[in-house]
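# have a look at this prediction, sequence included:
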Amino acid sequence: MDFKTLLDNAQNRRSLLKGMGVAAVGLTFTGALAGCGEKEAKKLANGEEGKLNFYNWDTYIGETTIEDFKGASGVDVNMTLFASNDELFAKLKAGNQGYDVIVPSNDFVERMAQADLLMPLDFAQIPNFEKNVAPEFKDVPYDPKRKYSMPYTWLSLGIGYRKSKVKGTPDSWKVLFDSDEYKGRIAVLSEAGDMFRLYGKYLGKSVNALTEADIKTIEAMMIKQKPNIKAFHEDNGQDLLLKGEVDVVLEYNGDIAQAMVEDEDIGFVIPKEGSQLNSDNLCIPKGAPRPKNAHAFINYLLDAEAGKKITETILYPTPNNAAKALMPDDYKNNPVIFPPADILAKCEYAAYNPKLQPMYEEAFTRVRAA
């Protein structure tokens, strides 16, 4: 399959999901549930019922992944959506409501592990990890030895923009954080930690080196900039851009790659000051009612062919070497999906900071209320 066909498929999927109403947070997407009837209540060979509850981000699964897993395992997957890591953490902190697999970002894997919200993984039930995952994702600072998480994607934050509405390439965070040039045509993230860390990048600091004084400085900057902001979006910045509601948006490279499928007037840039890298991960929350099904589902998502189908659909960089090997060269060499090395050298993964995180959240609440 060439990249043009791949992009066409991604576009068709976005239309499919929108038509089903899945793009709205909180709706449910079930695979092959029709006609299950009596079978649904029966136990699988592993002793668990043939169900699994998957709590995921929007537009973040292959078009047929859920149905394919049902066919391979007999397990019905019920997928519901969350809009931010803050929402995911709050939901699990209040008590697991029946989720079997969740998809937190790297710093929240660390945070949830410290809060004793995650179940240690059994590697014997996930053989595709050792077989298929790239070496650099097998032992990571936020989850040493991968005790609690498996890598799903990695991603970078940058600026998505409408080419016909901006002057040149908006290659500085100034466009979003410190300018009225696009007043009323700007959308930024609704996640506190990401926002403060990226402002830190704009100020020339490491995302992991902010101080209490920096938070106060950034809070004042955010309040000053707020009249120019149209929306603090919840994982749908690409849709705001596609609809023409904004001209510049803080968003992940994979989401903008999806939007570029549909509209050639859309571009993406990682600002010259550098950015934050994220990695989204597959975890089993404590209290998961079906941990064996959860392990089987995670192992399935790390399969080469299953990973290829997910990657074809979501267009995010994959940590699955076996899946990447099956993708066309135009995907592997796409600078939006895989930014050049000199750009990535200015980017960092965020670590969870238990002292600063509540300060981020409190300050951001004040910004939103200002």
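Yep, that arrived.
# which residue ranges form the strands in the stretch 151-300 of the chain?
Secondary structure of the stretch 151-300 of the chain by DSSP state E, counting those that start in this stretch: the strands cover 186-189, 229-233, 248-252, 266-269, 276-282.
# mind pulling the model confidence for the residue nearest in space to the middle of the chain?
Centroid check for the chain by C-alpha atoms, centre = their mean gives Asp280 as the closest residue, at 5.5 Å. If you check Asp280, the pLDDT there is 96.
# show residues contacting the helix or strand hosting Tyr55.
In this structure, Tyr55 sits in strand 51-56 according to DSSP states H and E. Residues from elsewhere that reach strand 51-56 (C-beta atoms under 8 Å, 6 or more residues apart in numbering): 40, 66, 75-82, 88, 91, 98-103, 289-290, 293-294, 297. The C-beta positions use only the backbone N, C-alpha and C, and glycine is treated the same way.
# give the buried residues for it.
For strand 51-56, the neighbour count (16 or more other C-beta atoms under 10 Å) marks Lys51, Leu52, Asn53, Phe54, Tyr55, Asn56 as buried.
# next: stretch 249-267.
Using 16+ other C-beta under 10 Å as the test for burial, stretch 249-267 gives 249-261, 266-267.
# need the contact list for the residue nearest to the centre of the chain.
By C-beta under 8 Å, 6+ apart, the neighbours of Asp280 are Trp57, Tyr60, Val103, Pro104, Ser105, Asn106, Tyr152, Thr153, Trp154, Leu155.
# who does it form a beta bridge with?
Beta-bridge partners of Asp280, counted by DSSP bridges, are Ser105, Thr153.
# among the contacts of strand 51-56, which ones are in strands?
Within the contacts of strand 51-56, membership in strands is found for Asp76, Val77, Asn78, Met79, Thr80, Leu81, Val101, Ile102, as judged by DSSP state E.
# need the strands of the stretch 151-300 of the chain in CSV with distance to Asp214, can you?
Converted to CSV, the strands of the stretch 151-300 of the chain look like this (distance: least, C-beta to C-beta, whole Å):
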stretch, distance to Asp214
strand 186-189, 18
strand 229-233, 20
strand 248-252, 19
strand 266-269, 25
strand 276-282, 15
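# which of the ones you listed sits most buried?
Highest mean neighbour count among these (mean count of other C-beta atoms under 10 Å): strand 248-252, with a mean of 26.
# report the mean confidence score over it.
pLDDT averaged over strand 248-252 gives 96.
# touching that strand from outside, list them.
So strand 248-252 is in contact with 155-162, 166, 170, 175-176, 182, 185-189, 198, 233, 237-238, 240-241, 278, 316, going by C-beta under 8 Å, 6+ apart.
# at 7 Å what do you get?
With contacts defined as C-beta atoms under 7 Å, 6 or more residues apart in numbering, strand 248-252 is touched by 155, 157, 159-161, 166, 170, 175-176, 182, 185-189, 237-238, 240-241.
# most widely separated two among the buried residues of stretch 249-267?
Taking C-beta to C-beta as the measure, those reach their widest spread between Leu250 and Val261, a distance of 19.8 Å.
# neighbouring contacts of stretch 93-109?
The contact list for stretch 93-109 (C-beta under 7 Å, 6+ apart) reads 52-57, 60, 85, 88-89, 112, 115, 117, 142-143, 148-149, 152, 193, 278-290, 293-294, 297-298, 349-352.
# what pLDDT is listed against Ser84?
On pLDDT, Ser84 comes in at 87.
# residues near it, how many?
Ser84 has 21 neighbours, counted by other C-beta atoms under 10 Å.
# with adjacent residues omitted, what lies nearest to it?
The shortest distance from Ser84 to any residue other than its chain neighbours is 4.7 Å, reached at Glu191 (C-beta to C-beta, 6 or more residues apart in numbering).
# how close does the one you found get to Leu157?
For Glu191, the distance to Leu157 equals 10 Å [C-beta to C-beta, to the nearest Å].
# same deal with Asn321?
For Asn321, the distance to Leu157 equals 24 Å [C-beta to C-beta].
# so for those two, which sits in the more crowded spot?
Taking neighbours as other C-beta under 10 Å, Asn321 and Leu157 compare with Leu157 leading, 20 against 16.
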